[in-house]
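Novice: Task: produce atomic coordinates for the following.
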Amino acid sequence: MTIITRSALVLAMVLSAHSAAAQVPTPETERIAVEAISELKSPFGPHMLDMCPNEQAEPLRQRLHAAAAQGATKEQLIGIVVGEYGENMRALPQRRGFGLWAWLLPPAGLAMGAAFLWGRMRQMRGTGPSVAAAGPALSAEEQASLNAALRDFDRNDDE
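Specialist: Sure thing, here's the model as predicted:
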């Protein structure tokens with residue numbers, strides 16, 4: 001072996017050791033990868049990516065772990081999968097743009113439903129405005145006629 005060949009061999013070993021050391025996962029990069037993987041649907045079946053039993057899912061999970069070990073953020077990891085397989089791979093919609101509606105509409109619907117039920121319950125208990133109170137008031141003659149009809153009704157009901 002010549003000196004140039006030895007030098008090239010040593011240089012290749014140093015560079016490969018350096019790149020391998022850069023990919024050693026730390027607890028922080030592991031956490032980032034696990035969080036990103038748990039927020040993604042699997043493109044290979046009806047499962048979440050972290051629980052997908054399909055054999056094609058494991059290489060994708062490993063690739064995301066390797067990217068996290070190289071310094072990728074959770075958003076970048078999710079972006080890798082979304083870029084390759086589409087926006088529908090997100091388990092949760094984004095909190096901006098069109099996805100914001102998915103976060104706002106359910107609580108707004110619940111609040112409107114609760115307000116409606118509260119109003120109906122007040123009305124049924126008699127503390128709110130009733131339907132009968134909305135009509136015109138009875139004259140004294142009409143009130144006397146109504147009371148007489150109710151007495152007759154009660155008498156006929158008792159017999």
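
Novice: From the centroid of this structure, which residue is nearest?
Specialist: Nearest to the mean C-alpha position of the chain, counting by C-alpha atoms, centre = their mean, stands Leu92 at 4.5 Å.

Novice: thought that one was touching Glu39?
Specialist: Yes: when contacts are counted by C-beta atoms under 8 Å, Leu92 is listed as touching Glu39 (6.1 Å). Every C-beta, even on glycine, is put in place using the N, C-alpha and C of the backbone.

Novice: related to what we said a few turns ago, any idea how far the residue nearest to the centre of the chain is from Leu138?
Specialist: According to C-beta to C-beta, to the nearest Å, Leu92 stands 59 Å off from Leu138.

Novice: Also Lys41?
Specialist: 65 Å.

Novice: if you count what's nearby, which of the two comes out ahead?
Specialist: The residue with more neighbours, out of Lys41 and Leu138, is Lys41; 18 against 11, by other C-beta atoms under 10 Å.

Novice: Show me the beta-bridge partners of the more buried one.
Specialist: Judged by DSSP bridges, the bridge partners of Lys41 are Met48.

Novice: how close does it get to Leu49?
Specialist: Separation of Lys41 from Leu49 (C-beta to C-beta): 6 Å.

Novice: Scan the helices and strands of this structure for the one with the lowest mean pLDDT.
Specialist: Within the chain, no helix or strand scores below helix 3-22, which has a mean of 53 by mean pLDDT, DSSP states H and E.

Novice: Now do Phe153: how many residues are near it, please.
Specialist: 10.

Novice: So which residues of this structure form helices?
Specialist: Taking DSSP state H as the criterion, the chain carries its helices at 3-22, 27-38, 57-69, 74-85, 99-125, 140-158.

Novice: what comes up buried for the second one?
Specialist: What it means is helix 27-38. Residues 29, 32-34, 36-37 are the ones in helix 27-38 that count as buried (16 or more other C-beta atoms under 10 Å).
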